[in-house]
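Enquirer: Predicted structure and sequence below. I'll ask about it afterward.
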Amino acid sequence: MRINTQLTAAGRKELAFLKDVLRRWNGRTLDVGCGNMVDRLGFKPGGEYVGVDVVPTKYTSAMADIHHLPFRDHSFDGLICNSVLEHVARPEVALSELGRVLKTSGTLFLSTPFLQHVHAPYDFRRFTPQGLRQEVERAGFVVDDLYCNCGVLDSVEYLLFSAVGWRTLKDKDLQGAGSWLYVVVLAGLYALSKFLGLVFKGQQKRDARHATSVSLVAHRAG
């Protein structure tokens, strides 16, 4: 069962940024690690949408690993790599492969989590804004826009929401009164953080050092 992070402020902000970027896209678009993202977007970006993943979904056009994409050089106008890079064994190879299949005039959208739960079992790393920019630039991209999903309270809300979700829906760890009480306390703190996040929404925009996720838009150098 999937935990719906769109019930959190951080999840909604991240999706809003993604929609704003992808609504402007045209041409052939490759979504690497596509999952069921189209369901969350509500539309297929680009003129032609191609989904790739290591597991089959209703949007998977090809089963492939990001380290070895089965496409010709410079064959896509746009690339989406949303919450994928933290799961790959060699991010530098993955980014090089993305650069290979992207046209010179093409655009890359890339997003990674930062202050989030561990996406077990294949969750290897987190990127700071500076670290993600450096990795992308090393792979031959030029960063056009970098977005930090900032806010201390929104990050706390996200973590509490995911903690309750994983405990109850994923791990199903509700053995004994202590477990139930713990989950109830977490749920109460989640509700409080959500309320305070709304109260201090303006202040949270200044929390540049506390980001739930980091996203960027880039193009190939040269």
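Expert: Great, that's in hand. Residues are numbered from 1 along each chain as shown.

Enquirer: correct me, but Leu85 touches Ala94?
Expert: Yes: the pair Leu85 / Ala94 is scored as a contact, 6.5 Å apart, by C-beta atoms under 8 Å. To be clear about C-beta, it is placed using only N, CA and C from the backbone, and glycine gets the same treatment.

Enquirer: What residues of stretch 176-189 count as buried?
Expert: Tyr182, Val183, Leu186, Ala187, Leu189 (16 or more other C-beta atoms under 10 Å).

Enquirer: SS state for the first one?
Expert: Per DSSP: H, G, I helix; E, B strand; the rest coil, the local secondary structure of Tyr182 is helix.

Enquirer: Could you do the third one as well?
Expert: Taken by three-state DSSP, the conformation at Leu186 corresponds to helix.

Enquirer: Quick check, pLDDT for it.
Expert: The pLDDT attached to Leu186 in the predicted structure is 96.

Enquirer: Check the last one too.
Expert: The predicted local distance difference test score for Leu189 is 98.

Enquirer: Return the residues in contact with it.
Expert: Leu160 (C-beta atoms under 8 Å, 6 or more residues apart in numbering).

Enquirer: how about the strands in this protein?
Expert: 28-32, 48-53, 62-63, 76-82, 102-113, 141-150, 211-220 (DSSP state E).

Enquirer: what domains does the record give for the chain?
Expert: 5-151+207-220, 153-203 (automatic domain parsing).

Enquirer: so which of those domains is the most packed in?
Expert: Using mean count of other C-beta atoms under 10 Å, the stretch among the domains of the chain with the largest mean neighbour count is domain 5-151+207-220, at a mean of 18.

Enquirer: Could you measure from the spatially most central residue of the chain over to Ser75?
Expert: Note on the chain: the residue nearest the mean C-alpha position is Ser83, at 3.2 Å, using C-alpha atoms, centre = their mean. To Ser75, Ser83 is 23 Å away according to C-beta to C-beta, to the nearest Å.

Enquirer: which stretches of this protein have low pLDDT?
Expert: Applying pLDDT under 70 to the chain flags residues 1-3.

Enquirer: Spell out which residues sit in contact with the residue nearest to Leu22 when sequence neighbours are not counted, please.
Expert: Excluding its sequence neighbours, the residue lying closest to Leu22 (C-beta to C-beta, 6 or more residues apart in numbering) is Pro45, at 3.8 Å. Contact analysis of Pro45 by C-beta under 8 Å, 6+ apart lists Leu22, Arg23, Trp25, Thr29, Asp31, Gly78, Ile80.
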